[in-house]
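1. curious how this folds, go ahead:
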Amino acid sequence: MSHKTLFILLIGFYYSSPLSAQFTDSIFTNAERMPYFPGCTAYAVQSKERKECSDEAVKAYIFNHIIYPQEAKDANIEGAVYVRFIVDEMGYVRQPKLLKDIGSGCGEAALDMLKIMPQWEPAFHKGHPVKVALDLPIHFYFKENGVNTETGYKLVWGQLNDYQVSKKALRKNLNQSVSVLNADGLAMTISGLQFSYGKNNKLSRQTSNGKITANMEKMVKRLRKGGRFSIMATVQKDGKFIEVVKEFLVI
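-> Numbering: from 1, shown residues only. Here you go, the predicted structure:
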């Protein structure tokens with residue numbers, strides 16, 4: 001049975017200037033060292049890899065924590081929600097604000113997600129931690145779970161097709177490889193694989209170069225009912241990176 005689920009596309013952070021009057025001059029829009037989402041300390045500060053890791057971590061967090069309103073589901077609401085928030089000197093998210101809404105509770109869902117975000121690594125300017133304002137566009141649209149709608153690429157992991165899946169079924173599936181099939185059904189080479197698990201406002205993730213690692217197996221074995229588990233596989237075509245995501249609700 002196919003499942004239609006919400007896919008949240010993180011276009012990327014952008015910085016508005018000037019800021020609205022409600023923000024003071026002590027809030028930066030572009031510090032010498034911008035804030036990083038937690039979980040990327042393996043990469044050098046201000047490196048391209050650290051920024052990419054931070055962006056991916058934010059994307060995974062949103063995917064696993066935002067709640068799609070039933071009203072919006074029933075109305076088939078799609079579009080972009082724009083939010084603004086401040087990462088303060090300690091890395092906490094402050095003053096979440098809705099800049100553009102698409103209605104039916106989507107804006108409120110985005111704000112609720114921001115309010116439970118974990119502590120970031122703060123921004124620094126001239127050697128001192130500073131507040132930074134970030135604007136974040138989030139695009140909501142429906143897609144078939146596990147399919148990249150732009151390319152038709154499909155993520156396959158054993159026989160798991162339903163959105164709701166038991167812990168036992170997920171653990172049993174660990175002996176199966178993750179595959180990405182193109183529109184013609186041919187297997188693509190996976191260059192990156194990420195397992196993410198979110199429950200009770202906590203997010204954990206494990207990454208590899210395409211194979212299921214021992215740490216990924218441990219994550220699956222520790223899944224609990226009510227959590228959301230997702231797999232993101234990255235493939236390359238014509239020099240472009242293409243991501244395919246499949247999400248499960250653990251029951």
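2. surely residue 110 is in a helix?
-> Yes - under DSSP: H, G, I helix; E, B strand; the rest coil, residue 110 sits within a helix.
3. for it, give me its contacts.
-> Residues near residue 110 by CB atoms under 8 Å, 6 or more residues apart in numbering: 66, 81, 83, 98, 138. (C-beta placed from N, C-alpha, C; glycine too.)
4. just flag the most distant two among those.
-> Greatest spacing in those, by CB to CB: 66 and 98 (13.8 Å).
5. more neighbours, these two?
-> For residue 66 and residue 98, the more surrounded residue by other CB atoms under 10 Å is residue 66, and the numbers stand at 20 against 15.
6. my read: that one touches residue 108, true?
-> No - Residue 66 is not in contact with residue 108 according to CB atoms under 8 Å; the separation is 10.8 Å.
7. quick check: which element contains residue 248?
-> Element membership for residue 248 (DSSP states H and E) is strand 240-250.
8. tell me the strands beside that strand, with direction?
-> Within its sheet, strand 240-250 is paired with strand 164-165 (parallel), strand 228-237 (antiparallel), according to DSSP bridges.
9. tell me where the chain has helices.
-> Applying DSSP state H to the chain gives helices spanning 48-65, 70-75, 106-115, 167-172, 214-221.
10. pretty sure residue 227 contacts residue 196?
-> No - taking contacts as CB under 8 Å, residue 227 lies outside contact range of residue 196: 10.2 Å.
11. now the nearest residue to residue 190 once chain neighbours are set aside: phi and psi?
-> Leaving aside its sequence neighbours, residue 190 sits nearest to residue 210 (CB to CB, 6 or more residues apart in numbering; 3.8 Å). The phi/psi pair for residue 210 (degrees, to the nearest 10) reads phi 130, psi -20.
12. ok, residue 210 touching residue 188?
-> No - using CB under 8 Å, residue 210 is not in contact with residue 188; the gap is 10.3 Å.
13. which of those two has more neighbours?
-> Counted by other CB under 10 Å, residue 210 and residue 188 do not tie: residue 188 has more neighbours, with 19 against 15.
14. tell me what the more buried one is bridged to.
-> With DSSP bridges as the criterion, residue 188 is bridged to residue 180.
15. that older thread, residue 227 and residue 196: which has the busier surroundings?
-> Under the criterion of other CB under 10 Å, the comparison of residue 227 against residue 196 puts residue 196 first, with 24 against 19.
16. ok, the more buried one - contacts?
-> Contacts of residue 196 by CB under 8 Å, 6+ apart are 60, 63-64, 203-205, 229-232.
17. 10 Å instead?
-> The contact partners of residue 196, taken as CB atoms under 10 Å, 6 or more residues apart in numbering, are 56-57, 59-61, 63-64, 203-207, 219, 228-232, 245, 247.
18. now residue 217
-> Residue 217 is in contact with 171, 174-175, 195, 206, counting by CB under 10 Å, 6+ apart.
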